[in-house]
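Visitor: curious how this folds, go ahead:
(chains A, B, C and D)
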Protein chains: 2
Amino acid sequence: MATSRTDPLTLEVVELIGTVVARYYEEYEQAAAQHSLTGAQARVLGLLSLDPLPMRRIAQKLKCEPSNITGIVDRLEARGLVERRPDPDDRRVKLAVPTDEGQDTARRLRESLDFAREPLGELTEVERTLLRDLLRRMLGEDTP
Amino acid sequence: MATSRTDPLTLEVVELIGTVVARYYEEYEQAAAQHSLTGAQARVLGLLSLDPLPMRRIAQKLKCEPSNITGIVDRLEARGLVERRPDPDDRRVKLAVPTDEGQDTARRLRESLDFAREPLGELTEVERTLLRDLLRRMLGEDTP
DNA sequence: TATTGTTATACTCTATAACTATA
DNA sequence: TATAGTTATAGAGTATAACAATA
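Guide: As a prediction, this is how the structure comes out:
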């Protein structure tokens, strides 16, 4: 069991991570805005571009209330980026599916996320591998 | 000059960083909510607890419009966590200063940010040093 | 009866523009 | 005139509670 640490090294790493978070988040919003999307709309569209989902599942993924998703998908649908399709197996369920244009917007959005890739260019391949392994361990993922 | 990379290693690191960002952000909101604060209120209070600032400077730090700060500080002031003080040197300026209770709330908020420290407990000191240096280089900070 | 999605409501954050009081 | 802070307004995200359709 890990105990919380307050040594200067740990605190500096925490602060550095905070800086990464702030920069990443801010630039994600900017990238979304370049496509006239809010951050929430971009996150939902990006999610659906990987896999169409029922409204309720979107809320679970985004960790918010299902009622919020109604409005976000409404606005994406009004823009022609997403459409609701009835689920033949359960008529209560509506699947949110990206249109072709929505799929294209999601792809361009992903490509414009250079901000996240670009700073990694400062690192050598060995360093990126090291960083990957450290982040994996930090996040407690299985590292075979 | 760094060029954007799309190799699998880089993409995995980008995704890992995205996961860190999502987890950090989400848990920051939760920590704020435990003190009945919104994320924005917690960020402003945390900022002021380090150094009282004029309204305009807060907006610059948070990268938002000054008019938004009025409302956020209004709500912090209504809760007795912050007060506005006139700047004797320039009577147009109002300094936002944490009250004793605000200072105390900011401290407890910082302490409850275990989420950011705890996963680092998985790493040895050597690994944390390594991570620190990699993040520093990534962020382009001066590393003497 | 339980679940899915929606609606209604209230609050907060956000940007924009106009206003006030100082400088 | 220029700047600091505020007000007014409108749009978006959020949680809560109540509702209709379906299971």
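Visitor: any stretches of chain A with poor pLDDT?
Guide: A:1-5, A:114-117, A:141-144 (pLDDT under 70).
Visitor: could you pull out the helices for it?
Guide: Assigned by DSSP state H, chain A shows helices spanning A:8-34, A:39-50, A:55-62, A:66-78, A:100-111, A:114-117, A:125-138.
Visitor: got TSV for those, with distance to residue B:74 and mean neighbour count too?
Guide: From N, CA and C alone the C-beta is placed, and that goes for glycine too. Output for those, formatted as TSV (distance: least, CB to CB, whole Å; neighbours: other CB atoms under 10 Å in any protein chain shown):
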stretch	distance to residue B:74	mean neighbour count
helix A:8-34	24	17
helix A:39-50	25	20
helix A:55-62	29	16
helix A:66-78	25	15
helix A:100-111	35	15
helix A:114-117	33	18
helix A:125-138	38	17
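Visitor: could you measure from residue A:61 over to residue A:73?
Guide: Distance of residue A:61 to residue A:73, computed by CB to CB, to the nearest Å: 13 Å.
Visitor: cool, residue A:27 as well?
Guide: Using CB to CB, residue A:27 is found at 25 Å from residue A:73.
Visitor: can you check residue A:59 too?
Guide: Counting by CB to CB - residue A:59 and residue A:73 are separated by 10 Å.
Visitor: what parts of chain A come near DNA strand C?
Guide: With the criterion set to CB under 7 Å from any atom of the strand, chain A comes near DNA strand C through A:54-57, A:66-67, A:69-70, A:73-74, A:84, A:90, A:92-95.
Visitor: so of those, which two are at opposite extremes in space?
Guide: A:74 and A:90 (21.4 Å; CB to CB).
Visitor: residue closest to the middle of chain A?
Guide: Closest residue to the average C-alpha location of chain A: residue A:43 at 5.2 Å, with CA atoms, centre = their mean.
Visitor: so who does the residue nearest to that residue when sequence neighbours are not counted touch?
Guide: Leaving aside its sequence neighbours, residue A:43 sits nearest to residue A:62 (CB to CB, 6 or more residues apart in numbering or on different chains; 6.4 Å). Neighbour list for residue A:62: A:40, A:43-44, A:47, A:69 [criterion: CB atoms under 8 Å, 6 or more residues apart in numbering or on different chains].
Visitor: again, but for residue A:45
Guide: Neighbouring residues of residue A:45 by CB under 8 Å, 6+ apart: A:37, A:76, A:81-82, A:98, A:102, A:105-106, A:109.
Visitor: before I go, just wanted to say thanks for your time.
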